[in-house]
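Visitor: Sequence and predicted structure are below.
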Amino acid sequence: MKQLRCALYPRVSTEEQFLHGLSLDAQRKDLTEYAQRMGYKIVGVYADEGVSARKPVSKRPALLRLLADVEKDKIDIILVTKLDRWFRNIKEYQITQEILDRHHCYWKTIFEQYDTSTANGQMVVNIMLAVNQSECDRTSERIKVVLDHKFKNGEHVTGAAPYGYISVDKKLQKDPAVQHIVEDTVGYYFSCFSKRKTIIHIMSKYADFDHCPSKYQVNRILTEELYAGIYRGIPGYHPAYITLDQLRLIRETTDTKTYPHTNRPYIFSGLVKCPHCGKIMTGFRKKQPLKNGNVSYYQRYRCSAKLSKCPTPCITESVIEKYMLDNLCASIDSIICNLSPQKETPVNRIPALRSELQRLNVLYQKGRISDEYYDEQYALIEAEITTESQNKDMEGLMQRMTDLKKELSGNWKELYDMLDAQHKNAFWKRIVSEITIDENTHKINGFKFLK
């Protein structure tokens, strides 16, 4: 008698884990024991964790692999613990069943009795799937109510607390045991503006510490808004390690991060863009023989793109530095002069305008205003919102330029000259987002401030 080739399919969703603590391991154990009792040959375990049975097959990775093996005629029978582990969606079940039928593969629940070989049996399966689908909808609604209540109370609801935090009375608080490490991580990053250097520094400094973070945890500290106290878009959800401005600055400087081919620091690494292709220009060391037989070394930037159409502009670092030092304060003064100062703080009208848009939508949906009136008023309100947003942006820029002007007063250039290349790079990345090169002359022609 032929030994049936068997596939095990355990599945659990995050909601079920939250409510009932269902375990993939327990399902796998039950399925394995059943297959052994029946004398089946187990050819694979296809486990979908954190995946709802309501999701389409295309969103269930393990099930996709299982069906691929079915289509290769590697499997005779599929074992699941219960029908709701298999499907809770009639449409997706029927699509899958067609594949199984074509390849003469069957499925079986080990804790329930279903016979899909008859029309009556298929009808029973469809009825139960409809019941399961309805139950799943009600469960999702209950979960949503529970989670909404927890969110309103500021409770932590996503398993283990992230590195740097502990759960106290179901709420996240800073972990005193590692708080200094997280703060050191943030502080060191803003001294060098390099994730790579920060990871190396932290992992080296705290290598012998029992709670030394992994490189992934250090990267997470500098990446996720959770460490700015934001959870699911809710600011101030728990204590923050970094401010929103710091998070914005990290993301902006990280977006332009490049790594030169040497470990030599470059003052404007990640800031100079090619005017032809838009690629970040990378630093390299130029060797120049002198007439007296000596050799001079100086640092330059060139386009990193391997494109035949790109003229690959090249510019010397000292030339960029001189331009930036000569023009920084003048650019700040120019922006301050061009921005009209407000005699009094204007009222933020954006919330009121958005409420007006909602009111307009309600009137339109109820049929109380015409299409023409709706389109006209909607366009007017949207234009006002755009104008108000631009005004807020200008206010923010004005404040930033004013703060920079105060910071760059006195003998700041003398202090700047005392910095090494790494800290000079950090200085510029805290102020500018991009240094621009003229497309025709390949000379520096300006720079953009960080917003």
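Guide: Done, it's in.

Visitor: From here on, just use CA atoms for contacts and neighbour counts.
Guide: Will do.

Visitor: Return the residue of this structure that is most distant from the centre.
Guide: Distance from the C-alpha centroid of the chain, by CA atoms, centre = their mean, peaks at residue 292 (55.3 Å).

Visitor: In three-state terms, label that residue for me.
Guide: Following DSSP: H, G, I helix; E, B strand; the rest coil, we place residue 292 in the coil state.

Visitor: got it, and residue 44?
Guide: Under three-state DSSP, residue 44 comes out as strand.

Visitor: How is this structure divided into domains?
Guide: Residue ranges for the domains of the chain, per automatic domain parsing: 5-152, 165-255, 318-449.

Visitor: chain center to stretch 192-212: distance?
Guide: 22 Å (CA atoms, centre = their mean, to the nearest Å).

Visitor: Out of the domains of the chain, flag the one nearest residue 284.
Guide: domain 318-449 (12.9 Å; CA to CA).

Visitor: circling back to that earlier point, closest to residue 283 out of the domains of the chain?
Guide: Going by CA to CA, the one of those nearest residue 283 is domain 318-449, 12.1 Å.

Visitor: for this structure, which helix is longest?
Guide: As assigned by DSSP state H, the longest helix anywhere in the chain is helix 371-407.

Visitor: So which other helices or strands are in contact with it?
Guide: Packing partners of helix 371-407 (3 or more CA pairs under 8 Å, 6 or more residues apart in numbering; DSSP states H and E): helix 317-338, helix 350-365.

Visitor: okay, those in CSV with mean neighbour count and distance to residue 12 next?
Guide: Output for those, formatted as CSV (neighbours: other CA atoms under 10 Å; distance: least, CA to CA, whole Å):
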stretch, mean neighbour count, distance to residue 12
helix 317-338, 14, 57
helix 350-365, 14, 40
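
Visitor: thinking again about what came up before, and the gap between the residue farthest from the centre of the chain and residue 335?
Guide: Separation of residue 292 from residue 335 (CA to CA, to the nearest Å) stands at 48 Å.

Visitor: mind putting the domains of the chain in TSV, distance to residue 277 included?
Guide: Converted to TSV, the domains of the chain look like this (distance: least, CA to CA, whole Å):
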stretch	distance to residue 277
domain 5-152	37
domain 165-255	17
domain 318-449	10
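
Visitor: which SS class is the nearest residue to residue 304 once chain neighbours are set aside?
Guide: The shortest distance from residue 304 to any non-neighbouring residue, by CA to CA, 6 or more residues apart in numbering, is to residue 281 (5.6 Å). For residue 281, the assignment made with three-state DSSP gives strand.

Visitor: quick one: residue 281 from residue 310, how far?
Guide: Residue 281 is 12 Å from residue 310, by CA to CA.
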